[in-house]
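> For reference, the sequence and a predicted model appear below.
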Amino acid sequence: MTVSNRFWDLTRYLAAVTSLALSLLCLPAPSFATAILTADLASFAVLGAAGVTNVPTSTIGGNLGSAPAAAVGGGYVFTAGSLQANTALAAQAELDLDAAILSVNAFLPDFTVTNGDLIAFQSSQVGDVVSPGTYAVGAASANIGPGGTLVLDGGGSNTAQWYFQLSSTLITSTTANVIVQNVGDGAGVGVYWTVGSAATLNGPMFVGNVLANDLISSDGDLTLGCGRLLSATAQVTLIMDTISVGCAGGYESSGGFSGGTVGTGGIGGNVTDTATVPEPGTLVLLGSGLVAAAGWMKRRRQIK
């Protein structure tokens, strides 16, 4: 590993931990409003630290880029945003991504899905739906299995928040879908998937913000019409996919299910994110975040 790469890793680590610590210690109890995705990060529909590969043509609604790698491939149709090949914006977004992963992983789980089967978990819930909350999800051959549709039901709230903390991989089957319903206009809805290693999205439809430590890929023709694919250390691979932070179906003001709204000035840093998240105790949350940071650095050393 080169000296420049070591400096990049150290800079990202210190920036992520400092950002998380300051945001927690400087805010009042018992609750606070904070942005999981900063404006720079929220402007990206696709972001990969090691680049983005693509089998044309993929349709992108938002910025697409990478840093420190400048490899972003080609064959895109942009409905909003632009290519950001190792730009200052992409570099800052990668730093912000590290902090976002730490923030989501610091939340105390409301539910634990030990076997990783979200469809089986859903079938055990009232109404056969998954309500807002924080979910710790274990490893599985498929977290959303064949023919399954994970239904995220907001119960009528337009500020519903879902946080899925996957300890290792996120895998969906080729006929699996994820949908959101009963969230009004979705203006304050947040859907986040933090992934300890790689995310493989094989199904035709998915929603939410995938924040992965490793590779993000699909088997082609994926439609993620309300969310983002963001990799902290590796590539994002696209195969004729449609990825957009701009939602449809009445959720146009949702900001890509990031808890905020996309500003009228367009994509590329003009995003306001206003997710409200509960504080389980500032010091507890800070401690959990630092432990998560230490684990992240350990994984980085193993990868190198």
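Okay, I see it. Numbering: from 1, shown residues only.

> use CA for all of it now, contacts and neighbours both
Noted.

> host element of Ile119?
Using DSSP states H and E, the element containing Ile119 is helix 118-123.

> what comes up buried for the helix or strand following that helix?
Moving toward the C-terminus from helix 118-123, the next helix or strand (DSSP H and E) is strand 133-137. Within strand 133-137, the residues that qualify as buried are Gly133, Thr134, Tyr135, Ala136, Val137, counting by 16 or more other Cα atoms under 10 Å.

> Strand 133-137 pairs with which strands?
Applying DSSP bridges to the sheet, strand 133-137 is found paired with strand 111-113 (parallel), strand 161-166 (parallel).

> Mean neighbour count, the ones you listed: which tops it?
strand 161-166 (a mean of 23; mean count of other Cα atoms under 10 Å).

> Need the CA coordinates for it. PDB is fine.
Taking Å, rounded to 0.1, in the frame of the first residue of the first chain, the C-alpha atoms of strand 161-166 are listed here in PDB:
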ATOM      1  CA  GLN A 161     -37.300   5.700   9.300                       C
ATOM      2  CA  TRP A 162     -35.900   2.300   8.600                       C
ATOM      3  CA  TYR A 163     -32.400   1.300   9.400                       C
ATOM      4  CA  PHE A 164     -31.100  -2.100   8.400                       C
ATOM      5  CA  GLN A 165     -27.700  -3.000   9.900                       C
ATOM      6  CA  LEU A 166     -26.300  -6.000   8.000                       C
END
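
> chain center to the helix or strand just after it: distance?
Next in sequence after strand 161-166, counting helices and strands by DSSP H and E, comes strand 170-172. Distance of strand 170-172 from its chain centroid, counting by Cα atoms, centre = their mean, to the nearest Å, is 14 Å.

> Output the contacting helices and strands for strand 170-172.
Strand 170-172 is packed against strand 199-201, with contacts defined by 3 or more Cα pairs under 8 Å, 6 or more residues apart in numbering; DSSP states H and E.

> quick revisit: which members of the buried residues of strand 133-137 are the farthest-apart pair?
Taking Cα to Cα as the measure, the buried residues of strand 133-137 span a maximum distance of 12.4 Å, between Gly133 and Val137.

> what secondary structure does Gly220 sit in?
Secondary structure state of Gly220, per DSSP: H, G, I helix; E, B strand; the rest coil, is coil.

> From Gly138, how far out is it?
25 Å (Cα to Cα, to the nearest Å).

> how deep is Ser124 tucked in, by neighbour count?
Ser124: 12 surrounding residues under other Cα atoms under 10 Å.

> Against Gly154, how distant is it?
17 Å.

> quick revisit: could I get the buried residue list for the helix holding Ile119?
Leu118, Ile119, Ala120, Phe121, Gln122.

> Could you list every helix and strand in contact with it?
Secondary elements touching helix 118-123 (3+ Cα pairs under 8 Å, 6+ apart): strand 149-153.

> Could you pull out the buried residues of the strand it packs on?
So strand 149-153, judged by 16+ other Cα under 10 Å, has buried residues Thr149, Leu150, Val151, Leu152, Asp153.

> Any stretches of the protein with poor pLDDT?
1-34, 260-304 (pLDDT under 70).

> how about the helices in it?
3-25, 39-42, 88-105, 118-123, 282-303 (DSSP state H).

> which helices and strands does the third one pack with?
If you count contacts as 3+ Cα pairs under 8 Å, 6+ apart, helix 88-105 packs onto helix 3-25, helix 39-42, strand 63-66, strand 161-166, strand 190-195, helix 282-303.

> repeat that with 6 Å
Under the contact definition 3 or more Cα pairs under 6 Å, 6 or more residues apart in numbering; DSSP states H and E, helix 88-105 sits against helix 3-25.

> one step back: list just the nearest of the buried residues of strand 149-153 to Val195.
Leu150 (17.3 Å).

> need the contact list for that closest one.
Val178 (Cα atoms under 6 Å, 6 or more residues apart in numbering).

> Report the separation between it and Asp117.
Taking Cα to Cα, one finds Leu150 at 11 Å from Asp117.

> Next, count neighbours for Ser258.
Ser258: 31 neighbours (other Cα under 10 Å).

> Without its sequence neighbours, what residue ends up closest to it?
Gly190 (4.5 Å; Cα to Cα, 6 or more residues apart in numbering).

> Since that was my last question, I'll sign off now.
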